[in-house]
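Novice: I need the structure of the sequence given here:
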Amino acid sequence: MNSNLVETLIGAIVLVVAGFFLAFAYSTAGPSQGSGYQLLAKFDRIDGLPTGADVRISGIKVGSVVGQALDPVTYRATVQLEVQDSVTLPDDSSVKIASEGLLGGAYIAIEPGGSEAMLKPGGEIKYTQSAVDLMGLLSRAVFGSAEAGKATGGDAAPATEGAAP
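Specialist: Numbering: from 1, shown residues only. The predicted structure is shown next:
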């Protein structure tokens with residue numbers, strides 16, 4: 001009976017410590033509490049860009065992607081960004097969807113412009129560069145040389161019919 005009490009107390013302590021770590025992890029890595037201002041950017045394609053992806057300037061995280069929608073009129077992807085309040089961006093800044101590598105995730109890279117006028121909360125970044133289709137580029141590199149041979153007649157059989165041996 002005494003060992004059951006000890007086991008129960010140890011189990012309760014383990015659960016309390018696990019709950020503490022869970023609360024700590026949620027408070028440090030949980031959803032943002034709206035500590036920035038929002039901007040919009042419109043792209044032709046946003047392949048592989050998830051909600052929650054980083055927004056970076058010079059490789060340093062300054063915000064995150066908080067929403068995505070399709071513009072029903074232009075059929076362009078509208079991305080909603082949240083940028084830290086301490087970061088002010090000139091209104092001629094540009095954004096592009098970059099990749100962390102061949103297998104890495106996508107993120108938004110901001111290149112600040114040189115204008116003295118700053119973007120206001122809810123403003124739109126006009127200069128955008130869409131995501132690059134890495135699989136399409138890879139297939140062009142692999143299969144592109146074979147298609148070039150077909151276009152120049154490289155696969156055609158030589159005309160030897162009717163020629164004397």
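
Novice: Adjacent strands (with direction) for the host helix or strand of Leu40?
Specialist: Applying DSSP states H and E as the criterion places Leu40 in strand 36-43. According to DSSP bridges, strand 36-43 forms sheet pairs with strand 77-84 (antiparallel), strand 124-125 (parallel).

Novice: residue ranges for the helices of this structure, please.
Specialist: 2-29, 134-151 (DSSP state H).

Novice: Verify the stated contact: Ala41 with Val83.
Specialist: No - in this structure, Ala41 is not within contact of Val83 by Cβ atoms under 8 Å, at 11.0 Å. Heads up, the C-betas are built off the backbone N, CA and C, glycines and all.

Novice: More neighbours: these two, which one.
Specialist: Ala41 (25 against 21; other Cβ atoms under 10 Å).

Novice: The closest residue to the more buried one other than its chain neighbours - how many residues pack around it?
Specialist: Once flanking residues are discounted, Ala41 sits nearest to Ile125: 4.5 Å by Cβ to Cβ, 6 or more residues apart in numbering. Other residues near Ile125 come to 21 when the count uses other Cβ under 10 Å.

Novice: next one: Lys96
Specialist: 17.

Novice: Please name the residues that touch it.
Specialist: Ile108, Ala109, Glu111, Thr128, Gln129, Ser130 (Cβ atoms under 8 Å, 6 or more residues apart in numbering).

Novice: what's the spacing between the last one and Ala77?
Specialist: I take that to be Ser130. 8 Å (Cβ to Cβ, to the nearest Å).

Novice: can you check the fifth one too?
Specialist: Gln129 sits 13 Å away from Ala77, taking Cβ to Cβ as the criterion.

Novice: intersection of neighbour lists for these two?
Specialist: Phe43.

Novice: Compare neighbour counts for those two and give me the winner.
Specialist: Higher neighbour count among Gln129 and Ala77: Ala77, with 21 against 14, using other Cβ under 10 Å.

Novice: ok, that one touching Ile46?
Specialist: Yes - Ala77 lies in contact with Ile46 (Cβ under 8 Å); the separation is 4.5 Å.

Novice: Okay then, goodbye and thanks.
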